[in-house]
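Participant: What would the 3D arrangement of this be:
(2 chains)
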Amino acid sequence: MNSRSRWATFMIVVLSLCLVLSGCEFKDIDKRFFITAIGIDKPEDSGKKYRVTLKIAIPKGQLQMGQEDYMSLSLDSDSISDAIQKLKARVDKEFDFGHTRVLVIGKSLAEEDYRDPLDWFTRQRFIQRISWCVIGKPTAEKLLDSKQKSERMPANALILAFGGQGVESQYIVSQYLFQLFRKSNDPGENPVVPIASPETSKNSMYYTIDSVGVLDDTHLALVLTPDETRYYNVLSGIVNKSDYNIKMPNNTFAIHADQVKVKRKISDGENPTITVTLNFDGLVEEGEHGLQVTPQILEQIKQAAEKKLTTEMTTLLNKLQAKQVDPIGFGSLYRATHWQDMEVEVKTWEQLYKRAQFKVNVTINLRATGTIQ
Amino acid sequence: MKENRFLFYTILINMVSNIIVFVPHILFNGLFDGALMSILISVVIGMTLLVLGTQSLAQFPGESLPEVMERYLPRWFRVIFLSYISSFWYVAGVIVLLAFSTIMTRYLSPETGQFTILFFLSLTVLLVVPLKSSRLLNGLEILFVINIPLIAIILLKSVLEKNTDWEDVYDVCTHLVHLPTLTMIAAASYIFTGYTNLVIFNKETAIKLKKRHYLILGGLGFATLMTSFFIPIGRLGEFSVNRYTFPWIPTSDSISMQYFVIERMMIPFLLVYLMVALVQAVMHWHIGYHLILSLFRQQRKWQNYAVLAAFTLGVGVLQKILDNEYILFEFATYWLIARLFSEIGLVALLIYLAKRRRRHEQQI
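Facilitator: Prediction:
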């Protein structure tokens, strides 16, 4: 046998060895169910630890808005993995989590302890670290068992709402799974998770995602109002476009800020001052009573807006401080600018944050008044 | 055929492969206990060894280490030293294969079973190992040209990505002043160890390294360490990064590519690193294979098969021993430390040989 034919024989043997491989991993797409969202709740009456809800997409040949179909299955169990295994016994196709993009934690579970579901989400290899984390109100089950008319695929409306992929809103905070895990372990920054709730008006169903929950080390500590959510978005530098209503003695104006620069600084000493400097660039969006906006009025609007934003942001910061949560990450900033040991920094900041004073400087540069003066 | 560029490929592929052999993981375990200081020191140590090693080997153009040793050193020393040092290359290949088969079982095909994956990975490697060194280096060049742009895109994308916590990165920088540890120095200096492959590849490449080449290599090594250390910290967070078993896989999974074929970056990342791991395993085993073969007085065909069979058997045995991820990690850590000292010994030997040669020349 020459070397070439020996080589060929060898290759044939190797290739035929591949036939021994069992094909359990490969399963045709028509024998799979794609889970687009997972919801985890605290069950109301069964006494079990979790109520797991899966939103299962039912594949359609043609993608059309509003034509999608889904199944939503729920089950109570003491562990999430067990619940999923038991749910498997109720369906005919294999679950595939490769397209799971929304992870919902029920509000009542989050109020108790969010760490265990987060642990499960992070530990699973098949869940993408770029999935969106949401708190479901009133429950995750109700959030997932709903369908918006414009969806092309199940849970699409929720997926597109986050990260600015679809809609860009100043009230929506987006949180990736890896961010939530990162912040939940970080002593200097508390995670913030958007709260979504299904709502119906007339004949259409929609999701409201305009508030956030601030989580401390173990549970949901504080729920911010929509206005506070917007200020959080601006303060943490996530959103740079935002609108504000400015009340003047006789009129109300709306201004639109299209650029924000945020600077944060922590002074040294026993009672530190946290200075937050915000520079807005914006224009007047809306007037009242047909009033012409003259340079004098523009200046008045600017002053009123600066005063309003300064007070409201200081109030928000004080509120967060009183609840002992730090979603804006002043603790991270403190550690990043100090050279002590990590444990010392963490301990010192815990004490300092309680005594810190906030100073908010807002400068608004109103450049224009829109298409009319 | 004697070209400088192959030298660069072997060194660079070694730098890129640091993610697979737990280098970042070891550094993350000591994040606040001198990781950054260890990195800085390892750059000095690694570059010193690299300069000394390559400069000494450059005295013997076109000769491999066993051939040089044959001229100057007694046979008993040669046998002991070469069999000791070849075991390092073999184990390096095994660690790469075991680590990558673990990653593949975890993330790519969880239902296949690690042993099957390991078997096919080793089979692929074993088919390539006995090739001529020159062919191997040409193959390396092709894979290098394919992979390096992809790796560059992945790195660039992960640096530019939003939601990176730069404050965590700064915070780790503020923990610079701290005593380094041996483990972390050994781990970080792995980046610069690629030149040791020249003990065999010296036959095929020319070592024409000038000052600027060393500056480029040092800069690239430092940049590699910085990226593979800081990007996971920024993405996964300084307090969470050491909770992940293979920190770079979730790091690549945390990057979304909205306008790419697949949104999840992890899949292209794993495929690129599959190629890197295979190439790296082939390189290591190729060196180990040739070092062991050089021990025999007369070259016979059966020796080649015997060595390859022993390699295969060894993988199977080591897989059973290092079955647990913790044990594999610990084993890799000890291997990295032992590697640093053996590398120092190897460079010392090379310097000694170079001196002997110079003296020899003066006598003539």
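
Participant: Please identify the helix or strand for the closest residue to A:Leu63 other than its chain neighbours.
Facilitator: Spatial nearest neighbour of A:Leu63, excluding adjacent residues (Cβ to Cβ, 6 or more residues apart in numbering or on different chains): A:Arg152 at 5.1 Å. (C-beta placed from N, C-alpha, C; glycine too.) Here A:Arg152 sits in a region with no helix or strand, counting by DSSP states H and E.

Participant: Pull the number of nearby residues for A:Arg152.
Facilitator: 14 (other Cβ atoms under 10 Å in any protein chain shown).

Participant: again with A:Asp326
Facilitator: With neighbours defined by other Cβ under 10 Å, the count for A:Asp326 comes to 25.

Participant: Name the helix or strand for it, please.
Facilitator: Taking DSSP H and E as the criterion, A:Asp326 maps to no regular element, lying outside all helices and strands.

Participant: about what we covered before: can you give me every residue that contacts the residue nearest to A:Leu63?
Facilitator: A:Leu63, A:Gln64, A:Met65, A:Glu68 (Cβ atoms under 8 Å, 6 or more residues apart in numbering or on different chains).

Participant: Show me which residues of chain A sit near chain B.
Facilitator: By the criterion of Cβ under 8 Å from any Cβ of the partner chain, the positions of chain A lying close to chain B are A:14, A:21, A:24-25, A:125, A:128-130, A:165, A:176, A:178-179, A:181-183, A:185-187, A:329, A:332-333, A:335-339, A:341-342.

Participant: Quick check on these: which are buried?
Facilitator: For those, a neighbour count by 16 or more other Cβ atoms under 10 Å in any protein chain shown gives the buried set as A:128-130, A:176, A:178-179, A:181-183, A:185-187, A:329, A:332-333, A:335-336, A:338, A:342.

Participant: Wasn't B:Leu270 part of a strand?
Facilitator: No. B:Leu270: not assigned to a strand; according to DSSP: H, G, I helix; E, B strand; the rest coil it is helix.

Participant: ok, now which ones touch it?
Facilitator: Taking Cβ under 8 Å, 6+ apart as the definition of contact, the neighbours of B:Leu270 are B:Ile103, B:Met104, B:Tyr107, B:Leu108, B:Ile249, B:Ser252.

Participant: Secondary structure and distance to A:Lys86 for the residues you listed - can I get that in JSON lines?
Facilitator: Listed next are the contacts of B:Leu270 as JSON lines, based on DSSP: H, G, I helix; E, B strand; the rest coil; distance: Cβ to Cβ, whole Å:
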{"residue": "B:Ile103", "secondary structure": "helix", "distance to A:Lys86": "30"}
{"residue": "B:Met104", "secondary structure": "helix", "distance to A:Lys86": "29"}
{"residue": "B:Tyr107", "secondary structure": "helix", "distance to A:Lys86": "26"}
{"residue": "B:Leu108", "secondary structure": "helix", "distance to A:Lys86": "27"}
{"residue": "B:Ile249", "secondary structure": "helix", "distance to A:Lys86": "29"}
{"residue": "B:Ser252", "secondary structure": "helix", "distance to A:Lys86": "33"}
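
Participant: I'd like the distance between the residue nearest to A:Leu63 and B:Glu263.
Facilitator: To B:Glu263, A:Arg152 is 16 Å away according to Cβ to Cβ, to the nearest Å.

Participant: and A:His256, that's in a strand?
Facilitator: Yes. With the criterion set as three-state DSSP, the secondary structure at A:His256 is a strand.

Participant: so it touches A:Leu283, yeah?
Facilitator: Yes. Shown here, A:His256 and A:Leu283 form a contact pair, counting by Cβ atoms under 8 Å, at 5.8 Å.

Participant: So those two - more neighbours on which side?
Facilitator: A count of neighbours by other Cβ under 10 Å puts A:His256 above the other of A:His256 and A:Leu283, at 18 against 15.

Participant: picking up where we left off before, looking at the buried ones among the residues of chain A next to chain B, which are in helices?
Facilitator: A:Phe178, A:Gln179, A:Phe181, A:Arg182, A:Lys183, A:Asn185, A:Ser332, A:Leu333, A:Arg335, A:Ala336, A:Met342 (DSSP state H).

Participant: wait, what's in contact with the last one?
Facilitator: Same thing as A:Met342. Residues counted as contacts of A:Met342 (Cβ under 8 Å, 6+ apart) are A:Arg335, B:Phe32, B:His175.

Participant: The first one contacts B:Val172, doesn't it?
Facilitator: No. With contact defined as Cβ under 8 Å, A:Arg335 does not count as touching B:Val172 (9.7 Å).

Participant: Not counting its neighbours along the chain, what's nearest B:Ile95?
Facilitator: For B:Ile95, ignoring the flanking residues on the chain, the nearest one in space by Cβ to Cβ, 6+ apart is B:Ala332 at 5.2 Å.

Participant: Is it correct that that neighbour is in contact with B:Val21?
Facilitator: Yes. Under the contact definition of Cβ under 8 Å, B:Ala332 touches B:Val21, with a separation of 5.9 Å.

Participant: any common contacting residues for these two?
Facilitator: When Cβ under 8 Å, 6+ apart defines a contact, the residues bordering B:Ala332 and B:Val21 alike are B:Ile95, B:Ala99.

Participant: B:Ile267: neighbouring residues, count only.
Facilitator: If you count neighbours by other Cβ under 10 Å, B:Ile267 ends up with 15.

Participant: Report the buried residues of the helix or strand harbouring it.
Facilitator: Counting by DSSP H and E, the secondary-structure element that holds B:Ile267 is helix B:266-293. Buried residues in helix B:266-293, defined by neighbour count with 16+ other Cβ under 10 Å: B:266, B:268-270, B:272-274, B:276-293.

Participant: try stretch A:250-267
Facilitator: In stretch A:250-267, counting by 16+ other Cβ under 10 Å, buried: A:Phe253, A:Ile255, A:His256, A:Ala257, A:Val260, A:Val262, A:Arg264, A:Ile266.

Participant: Appreciated, that's everything.
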